[in-house]
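A.B. asks: The sequence isn't on hand, but the structure is:
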């Protein structure tokens, strides 16, 4: 594949992954990821949680905190995306990575990225472009 640049654009519930040539031209949508639980209300998530007894020895479960379950879902989505990026590294399909996401989710995503993915990260933007049409993204996301 000649497109060695991947661009990840999204938020805690919806992400689009694009590839582009080294100059950042000719963006192609590779995949879309959705995580509907990240959009659900915390009370709805509490009703459908997998293990109602989940907690720690040191205190109540994270779900007991305001927005706790939602935060856990944001972390889960970040780990899912991180695993996908790791597979991209394994298969040598990208050399450089650009991420555009809102600050809160960008921080979660950065924490979940492996060292080898972080080594390929050339730019991260704290901006939510998840609702922009794909044709407008190249004008908003600068490629180095």
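C.D. replies: Structure received. Please read all numbers here as calculations on a predicted model, not as lab measurements.

A.B. asks: Ramachandran angles for residue 34?
C.D. replies: When read as degrees, to the nearest 10, the backbone of residue 34 gives phi -130, psi 140.

A.B. asks: got the contact list for the residue lying closest to it once chain neighbours are set aside?
C.D. replies: Closest residue in space to residue 34, ignoring its immediate chain neighbours: residue 14 at 5.4 Å, by Cβ to Cβ, 6 or more residues apart in numbering. Yep, even glycine has a C-beta here, placed from its N, CA and C like the rest. Shown in contact with residue 14 (Cβ atoms under 8 Å, 6 or more residues apart in numbering): 32, 33, 34, 35, 130.

A.B. asks: Show me which of those are buried.
C.D. replies: Using 16 or more other Cβ atoms under 10 Å as the burial test, the contacts of residue 14 include 35, 130 as buried.

A.B. asks: Flag the least confident of the contacts of residue 14.
C.D. replies: Among those, residue 35 carries the weakest pLDDT, at 79.
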